[in-house]
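Undergrad: Any chance you can model this:
(chains A and B)
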Amino acid sequence: MVAKRIIPCLDVKDGVVVKGINFEGLKEVGDAVQMGVQYAREGADELVYLDISATREGRSTFADLVRRIALGIDIPFTVGGGIGSVEDAARLLEAGADKISINSSALARPRLISELAGQYGSQFVVVAIDAKKVEGRWLCTTHGGSRFTERELFDWAREAQERGAGEILFTSMDHDGTKAGYACEVYARLASELSVPVIASGGAGSVQDIVDVLTVGRADAALAASIFHYGEIPIPALKKALKEANIPVRL
Amino acid sequence: MIAIIDYEAGNICSVQNALERLGAQYELTADPEKIRRADKVILPGVGNAAHAMASLCASGLDSVIRTLRQPVLGICVGLQLMCRSSEEGPVECMGLLDARVRKFPEGADAKVPHMGWNSIGNLEGKLFKGLEGGSYVYFVHSYYPELCPDTIATCRHGDTLFSAALRWENFYGTQFHPEKSGSVGAAILQNFLVL
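TA: Numbering: from 1, shown residues only, chains lettered A, B, ... in the order given. So this is what the prediction gives:
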C-alpha cells in the first residue's frame, strides 16, 4: 500500500527560505538546500519549494537553486511559482525537479495543464488551488489569495484532473496560517470526487490535525510549513504518532 | 568507472546526482567501448518503454548490453527494457530478465500510476544487503514486471503483487527509483557499486 506522505513546504525568495503568516509579513528561516537535506534525513517523504520571488533575477536564482537541491537531496521534490509555460517547466525539470506545481497560470490558461501533461506525463504535474469560502461557495483565488476568480473549487479541481493534473494540492486560505486544523470536510469531498491524489495544505497546528486530514479528510499527503520550520512538530515524532494511529507511513 | 548509458530516454540527472552523493566516478556515455570497459553499467530510463526501446535499438546499444559481463543495473523503464516484453507499445524487449511487463489494472484503492513510497519484501541477494523486508522505496510507474524466477524483491499495489527488483546472472533491475529513495535507496546503490 502506498504510504501517506508528509511534505514540508519551503517558500523561497531570492534563494532564501521565508515563511509568511497569511501570505504577508515574511520572515527569513534558513538555507533552502540545508533545510531540505535536514528534512529528508528526518523522514520527510517529499518536499515542495515555491518560488515567491517577484523579479527576473529572483527567478533565475531559483533555477540554480533547484540544481543544488537536486544534487543535495535524495527524495522527490516539487517546485512551483511563476511557471507560465512549458519552457518554464522544462527549465526546472532539467535542473532536476521531479514535479512542477502550477496555480494562477493554470487558472488563466487551463490548456497549460494539458500541454505539460502531454509533454512530460501527468505524474510531473501538480495543480495547486488556493480557495476561500464566500457565501457558502469555495472560490479559487490567485496571486497568493489576493484576487478572486469566478471558478469554484470542486469544479476547477475536476477540470484540472481531466486536463491531466497528476495531483491536486488544495490550500484553504481561510485555514492557512491559523494552526487551527485543516479544512477536513473539503478534502474528504475532493477525495470522493477525484481519482488523483489530494495534498492537504493550510491549517496544521498539531499532530492530531494531521491525523484528522489523513483519515477523516482522506487526503493522500499533508503539507505544512511553519510547524516544521520552527520545530514545533518534529517529523520523526509525527511519523511515529501517525503509525500509532494506524496510518500507513514510511518510517 | 560507472557507465550511465546515454540514449535519450528522459531526464536522468537524478541518477548522476545520486552517484555524486555516493562519491562514485561515473560517465554518461553512448560509446560501446566505454560501456564495455566500465566496471559497472547503469541503464536508466523514464517515459514510454516502446519509445525507449526504439531509441536503444537505433543506437545499437541493445546488442552491446546483451554481451556485457560486468554488473548492469536497469532502473524503472531501464529495467523494463531488460525484460522479455512490455505491454506498453507493445514492444519486444531485450529478454535478459524472465518477466513480461504488464499494465496495472485501475482500482479504487490502487491508483495508476503507482506513485509514491511503498514497501518491498522477499528481499534476496547482495543488492539488499543490510536492508530488511518492509523497507520503503519510491515508485513512479504504470506498468510492472510480473513475478518470475528472477524476482529478488516484491511489492504490492492493490491486488497486484509484482517484481520490485529482478536479477539474472550479472543483470539487475529495480522498478523503483533507488536514486530518489532516501537512505534505503542509497544503500541499494552502494550495494550495487561494490558487487
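Undergrad: where do the helices sit along chain B?
TA: Ranges of helices in chain B, per DSSP state H, are B:13-21, B:32-37, B:49-58, B:61-66, B:77-82, B:182-193.
Undergrad: now the stretch 1-150 of chain A
TA: A:32-42, A:56-72, A:86-94, A:104-108, A:111-120 (DSSP state H, counting those that start in this stretch).
Undergrad: list the helices and strands the longest one packs on?
TA: Taking 3 or more C-beta pairs under 8 Å, 6 or more residues apart in numbering or on different chains; DSSP states H and E as the contact definition, the neighbouring helices and strands of helix A:56-72 are strand A:5-13, helix A:32-42, strand A:47-51, strand A:77-80, helix A:86-94, helix B:13-21. Where C-beta positions appear, they are placed from N, C-alpha and C, glycine not excepted.
Undergrad: winner for burial among the ones you listed?
TA: Highest mean neighbour count of the helices and strands packed on helix A:56-72: strand A:77-80, a mean of 26 (counted as mean count of other C-beta atoms under 10 Å in any protein chain shown).
Undergrad: Ignoring the adjacent residues along the chain, who's closest to residue A:234?
TA: Among residues not flanking residue A:234 along the chain, residue A:42 sits closest, at 7.0 Å (C-beta to C-beta, 6 or more residues apart in numbering or on different chains).
Undergrad: Can you give me the distance of that neighbour to residue A:48?
TA: 16 Å (C-beta to C-beta, to the nearest Å).
Undergrad: Residue B:37 now?
TA: From residue B:37 to residue A:48 the distance is 42 Å (C-beta to C-beta).
Undergrad: ok, now residue A:108?
TA: According to C-beta to C-beta, residue A:108 and residue A:48 sit 21 Å apart.
Undergrad: now residue B:139
TA: According to C-beta to C-beta, residue B:139 stands 19 Å off from residue A:48.
Undergrad: Any idea how far stretch B:111-121 is from the middle of the chain?
TA: How far stretch B:111-121 lies from its chain's middle: 15 Å, per C-alpha atoms, centre = their mean, to the nearest Å.
Undergrad: how about the residues of the stretch 51-200 of chain A near chain B?
TA: For the stretch 51-200 of chain A, the contact set with chain B under C-beta under 8 Å from any C-beta of the partner chain comprises A:70-71, A:74-76, A:93-94, A:96, A:98, A:121-123, A:166, A:195-197.
Undergrad: Need the max-distance pair from those residues.
TA: The most widely separated members of those, counting by C-beta to C-beta, are A:71 and A:195 (34.3 Å).
Undergrad: These two: who's more crowded?
TA: Between residue A:71 and residue A:195, counted using other C-beta atoms under 10 Å in any protein chain shown, residue A:71 has the larger neighbour count: 18 against 10.
Undergrad: Now for the more buried one: which residues touch it?
TA: A:96, B:17, B:20-21 (C-beta atoms under 8 Å, 6 or more residues apart in numbering or on different chains).
Undergrad: can I get those in a markdown table with distance to residue A:131 and pLDDT?
TA: Converted to a markdown table, the contacts of residue A:71 look like this (distance: C-beta to C-beta, whole Å; pLDDT from 0 to 100):
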| residue | distance to residue A:131 | pLDDT |
| --- | --- | --- |
| A:96 | 31 | 93 |
| B:17 | 36 | 96 |
| B:20 | 41 | 97 |
| B:21 | 39 | 96 |
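Undergrad: Can I get these in TSV including distance to residue A:188?
TA: As requested, the contacts of residue A:71 are arranged in TSV below (distance: C-beta to C-beta, whole Å):
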residue	distance to residue A:188
A:96	35
B:17	38
B:20	43
B:21	39
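Undergrad: Tell me how many other residues surround residue A:191.
TA: Using other C-beta under 10 Å, residue A:191 has 18 other residues around it.
Undergrad: do the same with residue A:180
TA: 12.
Undergrad: Just list the residues touching it, thanks.
TA: By C-beta under 8 Å, 6+ apart, residue A:180 lies in contact with A:203, A:205.
Undergrad: Now do it, the pLDDT please.
TA: On pLDDT, residue A:180 comes in at 94.
Undergrad: What's the separation between it and residue B:130?
TA: 44 Å.
Undergrad: before we move on, what about residue A:39?
TA: Residue A:39 sits 24 Å away from residue B:130, going by C-beta to C-beta.
Undergrad: quick one: residue A:195 is in a helix?
TA: No. The assignment for residue A:195, made by DSSP: H, G, I helix; E, B strand; the rest coil, is coil rather than a helix.
Undergrad: Run through the residues that contact it.
TA: The contact partners of residue A:195, by C-beta under 8 Å, 6+ apart, come to A:161, B:111.
Undergrad: just for the stretch 101-250 of chain A, where's the confidence low?
TA: Across the stretch 101-250 of chain A, no stretch falls below the confidence threshold (pLDDT under 70).
Undergrad: how close does the residue of it found nearest chain B get to residue B:153?
TA: Going by C-beta to the nearest C-beta, chain B is nearest to residue A:250 of the stretch 101-250 of chain A, at 3.8 Å. Distance, residue A:250 to residue B:153, by C-beta to C-beta: 16 Å.
Undergrad: Next, the contact list for the most centrally placed residue in chain B, please.
TA: Closest to where the C-alpha atoms of chain B average out (C-alpha atoms, centre = their mean) is residue B:75, at 2.2 Å. Listed by C-beta under 8 Å, 6+ apart, the contact partners of residue B:75 are B:15, B:42-45, B:173-174, B:177-179.
Undergrad: ok, and the most crowded of the residues you listed?
TA: Using other C-beta under 10 Å as the neighbour test, those are led by residue B:43, with 31 neighbours.
Undergrad: Retrieve the pLDDT associated with the nearest residue to that one once chain neighbours are set aside.
TA: Nearest residue to residue B:43, sequence neighbours excluded (C-beta to C-beta, 6+ apart): residue B:78, at 3.8 Å. Note on residue B:78: pLDDT of 96.
Undergrad: Now for residue B:78, how many residues are close by?
TA: Residues near residue B:78, counting by other C-beta under 10 Å: 29.
Undergrad: partners of the residue in chain B that chain A sits nearest to in the sheet?
TA: Of all residues in chain B, residue B:136 sits closest to chain A, at 3.8 Å by C-beta to the nearest C-beta. Beta-bridge partners recorded for residue B:136 (DSSP bridges): residue B:119.
Undergrad: Centre of the chain to stretch B:178-194, how far?
TA: 12 Å.
Undergrad: which stretches of chain B have low pLDDT?
TA: B:10-11, B:108.
Undergrad: Which positions in it make contact with chain A?
TA: Contacts of chain B with chain A, taken as C-beta under 8 Å from any C-beta, map to B:11, B:13-14, B:17-18, B:20-21, B:47, B:109, B:111, B:113-119, B:136, B:138, B:140, B:156-157, B:179-183, B:185-186.
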